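Engineer: predicted model and sequence below, questions to follow.
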Amino acid sequence: MLQKELSDVGTLPPEEGIYRLQNVQQVYSKAESMIASANTSLLIDIDPIPLRQLEPSIDAAVERGLKPLVHVHSDSMNRKINGCEVINSCKLDWPGEWLVVHADGREYLIAVITPDERRVLQAVWSRNAFIAPLVFHGTLDKAILYSVMIMFGKGLSRDEIQTEMRRLWTEFAQNDPGSQTLRELFDTLRFL
């Protein structure tokens, strides 16, 4: 207990604002730094063009011992990334190339860039302790839902689907650090 309190002395509180990223270089730079700094979990929801740019950073995270969950939207539906749990789904007919990165369940980046990688249509980054876990679970639940839909399409049994859902949930969400932080924040709030 004392050691933890001493380690917090002199540290700045986490930045909790929500920040707009203005250009594609900022988006990729922030995504790469988040991937490089992830310690416990990495969740990525990504279209093919940003994946091509960020795959070396993802590979480096795997080499550090992380097992990222990567939900890839592509036409091929058979993308694999060594050392990652990959959930494939078809590329949706929405504007731009989408990228969502969650590091340790505590910070997130959501971006949409043009396919030519020249402009940002929308991009935000935050470490907000209340929002980050919610965005994390929304993205994780979406990936698991796509996985379930694919399993249904392949004709897997209810028991096989349930086992796979439980495995994904246990491996990637059961005690994610963002949810733990959110619980701690709620525990410290005083309601009148």
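Structural biologist: Thanks, I have it.

Engineer: elements contacting the biggest helix by length in the chain?
Structural biologist: Taking DSSP state H as the criterion, the chain has its longest helix at helix 131-153. If you count contacts as 3 or more Cβ pairs under 8 Å, 6 or more residues apart in numbering; DSSP states H and E, helix 131-153 packs onto strand 42-46, strand 69-73, strand 85-89, strand 97-103, strand 107-113, helix 158-172, helix 177-188. No exception for glycine: its C-beta is placed from N, CA and C like everyone else's.

Engineer: pick out the shakiest of the ones you listed, pLDDT-wise.
Structural biologist: Across those, helix 177-188 has the smallest mean pLDDT, namely a mean of 66.

Engineer: so where is this structure shaky, pLDDT-wise?
Structural biologist: Low-confidence segments of the chain (pLDDT under 70): 1-15, 174-183, 185-192.

Engineer: one step back: ok, residues contacting the longest helix of the chain?
Structural biologist: Helix 131-153 has contacts (Cβ atoms under 8 Å, 6 or more residues apart in numbering) with 18, 43, 45, 69, 71, 87-89, 100, 102, 105-108, 110, 126, 160-161, 164-165, 168-169, 172-173, 176, 178-179, 181-182.

Engineer: can you list contacts of the helix or strand where residue 34 lies?
Structural biologist: Assessed by DSSP states H and E, residue 34 sits inside helix 24-37. The contact list for helix 24-37 (Cβ under 8 Å, 6+ apart) reads 21, 42, 44, 50, 53-54, 57-58, 60-61, 99, 101, 103, 107, 109, 111, 113, 117-120, 123, 125.

Engineer: any of the residues you listed buried? List them.
Structural biologist: 21, 42, 44, 50, 53-54, 57-58, 61, 99, 101, 103, 107, 109, 111, 113, 117, 120, 123, 125 (16 or more other Cβ atoms under 10 Å).

Engineer: how far does whichever helix or strand residue 58 is part of sit from the chain's center?
Structural biologist: Assessed by DSSP H and E, residue 58 sits inside helix 48-63. How far helix 48-63 lies from its chain's middle: 13 Å, per Cα atoms, centre = their mean, to the nearest Å.
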